[in-house]
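Participant: build me a model:
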Amino acid sequence: MILWYYNRENNEVVECSVLDQNVQDSRDRPETDSVSDRTVKEKMIKTIILSMCLAASSLSLDARADDERAYTDGPVTEVDYLRVEYGSFETYIDWLNSTWKPTMEATKKAGLIIDYKVFRATPKSPDQPNIFLMITYKNMAALDKGIELEAVAKKVIGSTEVQNKARMARNEYRKLLGTELIRELILK
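Facilitator: As a prediction, this is how the structure comes out:
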């Protein structure tokens, strides 16, 4: 029996063996075989070993193909979680229609975002959001365009000072609970 070990790329050790009855028998017999018989046997053994190594290496290539991701990264969405106080919902919706929506439309027209959405939720407790604002960007790199985003906001809303005063007024009836980024995964 001939034994050899093969290390795969994932460090798995594979033990391979070839049982050759003729090789075993030749050890028990006196040297009566011709040189050509031994050469043929050695070539056969080498051929078998080479075949086994090729088979084992093709298995490791299949394993590497399985390591590829089964998805591609899609657009990135910024989600703002807001809590609008009771009795102020219509006031906040008016602001969304008069200021936020035109700003988002201008940002979309400038190619800085893909889409935007507003969702209303029924919270389970007073500390949970009842409004979700979602802004979708092409990718993570699009989030680095802060200067361009600010320029669009200044054109639509006004100076940074005007924006801050309006933000302070909105803080009286709505609270930003948090912001997170989520990424769509596009399955293959």
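
Participant: can you give me the helices for the protein?
Facilitator: 21-28, 35-66, 89-95, 101-109, 146-156, 160-170 (DSSP state H).

Participant: outside of the third one, which residues touch it?
Facilitator: It stands for helix 89-95. Defining contact as CB atoms under 8 Å, 6 or more residues apart in numbering, one finds that helix 89-95 is touched by 84, 130-131, 170, 173-174. All C-beta atoms are positioned from the backbone trio N, CA, C, and that covers glycine.

Participant: and that helix, how far from the chain's centre?
Facilitator: 37 Å (CA atoms, centre = their mean, to the nearest Å).

Participant: can you list the domains in this structure?
Facilitator: 2-66, 71-187 (automatic domain parsing).

Participant: so who does T136 touch?
Facilitator: 75-78, 113-117.

Participant: what number of residues lie near V76?
Facilitator: For V76, the count of nearby residues is 19 (other CB atoms under 10 Å).

Participant: residue nearest the centroid of the protein?
Facilitator: The residue lying closest to the centre of the chain (CA atoms, centre = their mean) is D73, at 5.3 Å.

Participant: now that residue: how far from T179?
Facilitator: Distance from D73 to T179, counting by CB to CB, to the nearest Å: 20 Å.

Participant: so where's this structure uncertain?
Facilitator: When residues are selected by pLDDT under 70, those of the chain lie in 1-37, 53-54, 56-66.

Participant: pick the most buried one from the domains of the chain.
Facilitator: Burial of those is given as mean neighbour count (mean count of other CB atoms under 10 Å); domain 71-187 ranks first at a mean of 14.

Participant: the residue nearest to the centre of the chain and Y137 touch, don't they?
Facilitator: No: with contact defined as CB atoms under 8 Å, D73 does not reach Y137; the gap is 11.9 Å.

Participant: would you list the phi and psi of G158?
Facilitator: Main-chain dihedrals, G158, degrees, to the nearest 10: phi 130, psi -170.

Participant: gap between it and E150?
Facilitator: Distance from G158 to E150, by CB to CB: 12 Å.

Participant: same deal with T179?
Facilitator: 17 Å.

Participant: and if you look at V76?
Facilitator: With the distance defined as CB to CB, V76 ends up 19 Å from E150.
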